[in-house]
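Whatever this is, show me its structure:
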Amino acid sequence: MKKQDLAIVVADKNMDFALRGILSRPKALGIRGIRHRTIPHSGRDGGVRTSGPALLAVQERDFEHGLLLLDFEGSGSILNDAVALEAELDKALVSTWGDRAKAIVIEPELDSWVWGSDNLLRDVLEWKESETIRDWLRSRNFQFSEHGKPERPKEALDQLMRHVHQPRSSSLYQEITHRISLTRCVDPAFRRLKDTLARWFPEVANPPRQAVSPGSLTD
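The predicted structure follows:
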C-alpha cells in the first residue's frame, strides 16, 4: 500500500486545528497538496518532548515524512531555547526516519502564530472597541516584541477573548490560520516549518486545473 505524505504528532487540539488551517493552503505555503494525519499527544508539550519520537516512529511504515510540533513553553526542557530542543529531538528521529522527519519547537508558544494583522483579529473576534487591539493591550501593560507580537501571546489572546465574551476553542486557531498571511509571517519556528514542507513537498510545475471554491484567502 502506498504511503501517505505526512504524519504529525502535536501537543494539543489547538495545534491540530491550527495545522488544518495552514495545510489547507498549499499554494500559500509554496507546496503541492498533501495527505496528512495529525496525532494530538495526551501528554501535551512535555509528552511530545519525552515520547513524541517513539509515537511518531509507529507511523513510519504508513507515511513518507513525520513532524513533531510542540511549544517550548510547557515542554519541561532544561535546554536554553527552542532551537536547542529541536536539535535534540531531530537526533532522536534519525534512527527511524533518517532525514525524513523534523521537530518544530515554537518559542514561546503556538499563540504567537495568530498575531498577524489587527484587521483579521478584529474580524474573527468581532472587535467593537475604537482602539486597535494592540493599543488596547498596551493600555493593559502588555509588552510587544520588535515584530509587533505580544511577549506573552497566549495571555494576550485570553484577555481579548474574555473581553469580547467569546469562549476559547480550537476552531478559532483554524479560522485564523486559514486566513492569515503565510508568506509574510516572520516567526522563526513557522519559517522552519514552511521551509521543511517546501523541501519535502515542492509545488508541481504544471498541476491539473481544478475548480476553485468561492471566496479568497490572504497570502
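
Show me the strands in the protein, by range?
4-10, 36-40, 63-71, 101-106 (DSSP state E).

Return the set of buried residues in the second one.
Spelled out, that is strand 36-40. By neighbour count with 16 or more other Cβ atoms under 10 Å, strand 36-40 contains the buried residues 36, 38, 39, 40. Every C-beta, even on glycine, is put in place using the N, C-alpha and C of the backbone.

Make JSON lines out of those residues and add pLDDT and distance to residue 121.
Output for those, formatted as JSON lines (pLDDT from 0 to 100; distance: Cβ to Cβ, whole Å):
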{"residue": "36", "pLDDT": "97", "distance to residue 121": "27"}
{"residue": "38", "pLDDT": "97", "distance to residue 121": "24"}
{"residue": "39", "pLDDT": "97", "distance to residue 121": "29"}
{"residue": "40", "pLDDT": "97", "distance to residue 121": "25"}
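
how about those residues in JSON lines, adding distance to residue 77?
Below are the buried residues of strand 36-40 laid out as JSON lines (distance: Cβ to Cβ, whole Å):
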{"residue": "36", "distance to residue 77": "26"}
{"residue": "38", "distance to residue 77": "22"}
{"residue": "39", "distance to residue 77": "21"}
{"residue": "40", "distance to residue 77": "20"}
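
Of the residues you listed, which is the nearest to residue 98?
Distance to residue 98 across the buried residues of strand 36-40 (Cβ to Cβ) is lowest for residue 36, with 19.2 Å.

got the contact list for residue 102?
When contacts are counted by Cβ atoms under 8 Å, 6 or more residues apart in numbering, residue 102 touches 66, 67, 68, 90, 93, 192, 196.

Would you mind measuring from residue 157 to residue 91?
33 Å (Cβ to Cβ, to the nearest Å).

Can you show me the CA trace of stretch 166-184 as PDB?
Provided in PDB are the C-alpha atoms of stretch 166-184 (Å, rounded to 0.1, in the frame of the first residue of the first chain):
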ATOM      1  CA  GLN A 166     -16.000  34.600  23.300                       C
ATOM      2  CA  PRO A 167     -15.100  31.100  24.600                       C
ATOM      3  CA  ARG A 168     -11.700  29.800  23.600                       C
ATOM      4  CA  SER A 169     -11.900  27.000  21.100                       C
ATOM      5  CA  SER A 170      -9.600  25.100  18.800                       C
ATOM      6  CA  SER A 171     -11.700  26.100  15.800                       C
ATOM      7  CA  LEU A 172     -10.500  29.700  16.400                       C
ATOM      8  CA  TYR A 173      -7.000  28.700  15.600                       C
ATOM      9  CA  GLN A 174      -8.100  27.100  12.300                       C
ATOM     10  CA  GLU A 175     -10.200  30.100  11.400                       C
ATOM     11  CA  ILE A 176      -7.200  32.400  11.900                       C
ATOM     12  CA  THR A 177      -4.600  30.200  10.200                       C
ATOM     13  CA  HIS A 178      -7.000  29.600   7.300                       C
ATOM     14  CA  ARG A 179      -6.900  33.400   6.600                       C
ATOM     15  CA  ILE A 180      -3.700  34.900   8.000                       C
ATOM     16  CA  SER A 181      -0.800  35.700   5.700                       C
ATOM     17  CA  LEU A 182       1.600  32.700   5.400                       C
ATOM     18  CA  THR A 183       4.100  34.500   3.200                       C
ATOM     19  CA  ARG A 184       4.800  37.400   5.500                       C
END
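
how distant is that stretch from the center of its chain?
Centroid displacement of stretch 166-184 relative to its chain, using Cα atoms, centre = their mean, to the nearest Å, is 10 Å.
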